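> Quick one: sequence plus predicted model below, questions after.
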Amino acid sequence: MISDFLKESGVDAAFIEKDENCRYISGFTGSDSYLFLTADDCYLLTDSRYTEQAKEEAKGFTIIDYAGKLAKTVGELSAKHHVTRFGIEAGMTYKMYLSFDEVLPETDFVFVVPDTLRQIKSAEEIRLIEEACRISDLGFEKTVPYIKAGVTEAELRTILECAMLEAGSEGKSFDTIVASGWRSAYPHGTATDKVIEEGDLVTFDFGAIYHGYHSDITRTVAVGEISERQRYIYDAVLGCNEHIEKILRAGLAAADVDQESRKYLKEKDLDKWFGHALGHSVGLEIHETPTLSPRDHTVLCVGMTETVEPGVYIPGVGGVRIEDTVVIEKDGISILTKFPKKFLRV
């Protein structure tokens, strides 16, 4: 895997600093550590806090305590392996780049994208994501009885996050979204002290983490009686979600799937209120590639994960989003988020 990645990237060695990529490639679950990869040797650079953990987890890697001299260590390894083209991730800070450039003045730096190595999930990764989804489903099931007029968004967020922790989550995948009434028109309306009222639509977007892997799910709930327009929006978004999940499969281009969702909502005269991408992959990060967006033309492959999350957000009226986490298969998908999507009134 590493040798092919270096060859395809056109580099002699690569420096990996992103925690998720370090974990995926080496198996090391700590932080503040780096990988130096060549076709023949792989090194994990860390400090005294993590050396013993790294020896236990990063099998096949040479563990080096860089002792606060990262650039010097990288320079020495580059000289040892005669590196002339050195791969770095785009997220590297300018300060770190300058320190590397100082010790490698004759070396060409090339951006590499190790994230692509994580696009197709193994059976074990899918199992971990599925368990994260089970935890988030259970957390929401335990939260539903508390959804009612008079409680605040923040109170519901706390109940939901605690329920997921009790069910086995390592933490929240992102800042939990609880957006009610007019605030449900905010796609990323994280919870506030707003009080839930009769006639509100309440959008919950949340995720659990299990062994480092994330889930992502959105459900929208009606509190009491809602208007005909609100129900129309809900039914349209649900229909869009279900339509995409019926056609989604390996071999489709991500951008084409996104376009199909907009075509569906256009028939409902709601497409202008759908401003974000249809979905994204999930894994060790909550947002991974490929994305179901107009700009991503990746052909979907078996084993990729995606969210399917159409939404409609009308200022002053409110919004609806319904989202599942799914796995791409040859002739369809597996839906990992199981909490029912049918219209729910509390």
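Structure's in. What do you need? Numbering: from 1, shown residues only.
> All the helices of the stretch 201-346 of the chain, in order from the start?
Ranges of helices in the stretch 201-346 of the chain, per DSSP state H, counting those that start in this stretch, are 228-247, 254-267.
> Show me which positions of the last one end up buried.
Pointing back at helix 254-267 there. If you call a residue buried by 16 or more other Cβ atoms under 10 Å, then helix 254-267 has these buried ones: 254-255, 257-258, 260-262, 264-265. C-betas here are computed from N, CA, C, even on glycine.
> Closest one of these to Arg295?
Distances from Arg295 to these, taken as Cβ to Cβ, are shortest for Ala255 (7.0 Å).
> I figured the closest one hits Val299, correct?
No. Contact criterion Cβ atoms under 8 Å: Ala255 and Val299 do not qualify, at 10.2 Å.
> so what's in contact with these two at the same time?
Common neighbours of Ala255 and Val299, counting by Cβ atoms under 8 Å, 6 or more residues apart in numbering, are absent.
> Show the residue spans covered by the strands in the stretch 51-200 of the chain.
Taking DSSP state E, counting those that start in this stretch to define them, one finds strands in the stretch 51-200 of the chain at 62-65, 85-89, 108-112, 177-180.
> just to revisit the earlier point, Thr152: which of the helices of the stretch 201-346 of the chain is closest?
helix 228-247 (20.8 Å).
> Can you give me the neighbour number for Ile147?
Ile147 sits with 22 neighbouring residues when counted by other Cβ atoms under 10 Å.
> same check, this time on Lys80
With other Cβ under 10 Å as criterion, Lys80 counts 13.
> State the distance from it to Phe28.
22 Å (Cβ to Cβ, to the nearest Å).
> that older thread, looking at the buried residues of helix 254-267, spot the one nearest Cys240.
Tyr264 (4.7 Å).
> which residues sit in contact with the most centrally placed residue in the chain?
In the chain, the C-alpha nearest the mean C-alpha coordinate belongs to Ile286, at 1.9 Å (Cα atoms, centre = their mean). Listed by Cβ under 8 Å, 6+ apart, the contact set of Ile286 reads 173-174, 207, 214, 216.
> Test my guess that His287 contacts His280.
Yes. Between His287 and His280 there is a contact at 5.0 Å, judged by Cβ under 8 Å.
> Who has more neighbours out of those two?
Shown here are His287 and His280; by other Cβ under 10 Å, His280 has more neighbours (22 against 15).
> what sits against the more buried one?
Taking Cβ under 8 Å, 6+ apart, we find His280 in contact with 287-293, 306-307.
> Count the residues that sit near the nearest residue to it once chain neighbours are set aside.
Excluding the flanking residues, the one nearest His280 by Cβ to Cβ, 6 or more residues apart in numbering is Thr291, at 4.5 Å. For Thr291, the neighbour count with other Cβ under 10 Å is 20.
> which residues does Thr291 contact?
Applying Cβ under 8 Å, 6+ apart, the residues near Thr291 are 254, 277, 279-281.
> Alright, that wraps it up for me.
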